[in-house]
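>>> heads up, no residue letters with this:
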C-alpha cells in the first residue's frame, strides 16, 4: 500500500482515518501461512522484498510472486534452479531467467533510474555466478555496473588496465575464490569502498570457501569489508546503498 495516494484520499474526505489505518497495516505484510511477504521493506530499508528460491517449492515461490504482483511490486528471486524457473514460467510467462546469476525477474513498475557507478571485479570464470548475482542486484537497485572479469592474481597484469575505470566508481565489489588474494590487491590500489566476496571455488581443502573467507577477513588492507561465502546478493545490496548515498551527495552539490 502506497502512502501518498492513501493520504490524499483521507485529506479529500474520500477515506476515513480508521479505514486508512487498517489498509496501511494490511499493506505492510501479507501472510501466506508458510511465508510472510514484507511489502513495506523498500520503504523501511531501501531494499525491496526479494525471494530466496533455494529450499522453497515451485508452488511456494509462485504464491509469493502472485502476492508481490498483486501489490504492484517487482519480482526478484535469487538462487532459482532452471527446473524451478521452467515450472514458474508456465504460470508467469513474462518471467525472465538470468542464467549466469541464477535469478528470476518480473517487472511491473519501472526500476530506479540508473545513477552513480560501481564495479564488480571477478577473479576467475568459475566465480562468475556469484559476480553476476552481485551485478544484477546492484543494477536493480539503481546502480550503473561495470563488470571486470577474469583478472585474478595468477595474471595480475590483466587487472592494471582497468584501474582508471575502477577509480571512478563509488564502490567496488571483488569476487574471488582459491586463496582470496584479489581484494587485498585491489584494495591496495584504490581509495574506494571495497566489498570482498569469497566464493566456494578452490582445490583440495578449500572447505567450501571457508579458507577463502578467512583469508579475506585477514586482509592487511584497511577498510576491506567481507560478506559471507558466495553472497553476491549481499555484496550487491551493500554496494548499491553506498552508491546511492554517494550519487545523492554528488547531485546535492
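Nice, thanks for sending it over. Since the model is a prediction, treat every value here as computed from it, not as a measurement.

>>> Spatially nearest residue to the residue most central in space within the chain (excluding sequence neighbours)?
Centroid-nearest residue in the chain: residue 137, 2.8 Å away (criterion: CA atoms, centre = their mean). Leaving aside its sequence neighbours, residue 137 sits nearest to residue 236 (CB to CB, 6 or more residues apart in numbering; 2.9 Å). C-beta: built from backbone N, CA, C; applies to glycine.

>>> ok, now residue 165?
Nearest to residue 165 is residue 146, by CB to CB, 6+ apart, at 5.8 Å.

>>> helix, strand or coil for the one you found?
Here residue 146 is strand, with the state taken from DSSP: H, G, I helix; E, B strand; the rest coil.

>>> in the sheet, who's paired with it?
Assessed by DSSP bridges, residue 146 has beta-bridge partners residue 119.

>>> average model confidence for whichever strand or helix holds residue 139?
Secondary structure assigned from DSSP states H and E places residue 139 in helix 128-140. Computed over helix 128-140, the mean pLDDT rounds to 98.

>>> Against residue 236, how distant is residue 159?
From residue 159 over to residue 236 the distance is 21 Å, taken as CB to CB, to the nearest Å.

>>> of these two, who's got more company?
Each of residue 159 and residue 236 has its neighbours counted (other CB atoms under 10 Å); residue 236 has more, 32 against 20.

>>> So for the more buried one, what's the pLDDT?
pLDDT, read off for residue 236, is 98.

>>> Quick one: the strands in the stretch 1-150 of the chain, in order.
29-31, 36-38, 51-52, 75-78, 96-98, 103-106, 115-122, 143-148 (DSSP state E, counting those that start in this stretch).

>>> Tell me the gap between the longest helix anywhere in the chain and the middle of its chain.
Counting by DSSP state H, the longest helix found in the chain is helix 232-252. In terms of CA atoms, centre = their mean, to the nearest Å, the centre of helix 232-252 is found 11 Å from the chain centre.

>>> cool, stretch 78-97 as well?
19 Å.

>>> excluding its backbone neighbours, what's nearest residue 191?
residue 167 (7.7 Å).

>>> how many other residues sit next to residue 87?
By other CB under 10 Å, neighbour count at residue 87 equals 14.

>>> Quick check, it in contact with residue 60.
No: assessed by CB atoms under 8 Å, residue 87 is found out of contact with residue 60, at 11.5 Å.

>>> ok so, going back, residues touching the helix holding residue 139, excluding its own?
Helix 128-140 is contacted from outside by 74, 76, 78, 98, 100-103, 105, 111, 114, 118, 120-122, 145, 147, 149, 173, 175, 197, 199, 230-233, 235-237, 239-240, 243, using CB atoms under 8 Å, 6 or more residues apart in numbering.

>>> Can you tell me which of the residues you listed are buried?
Those of the contacts of helix 128-140 that meet the buried threshold are 74, 76, 78, 98, 101-103, 105, 118, 120-122, 145, 149, 173, 175, 197, 199, 230-233, 235-237, 239-240, 243, by 16 or more other CB atoms under 10 Å.

>>> For residue 153, give its distance to residue 183.
Where residue 183 is concerned, residue 153 sits at a distance of 10 Å (CB to CB).
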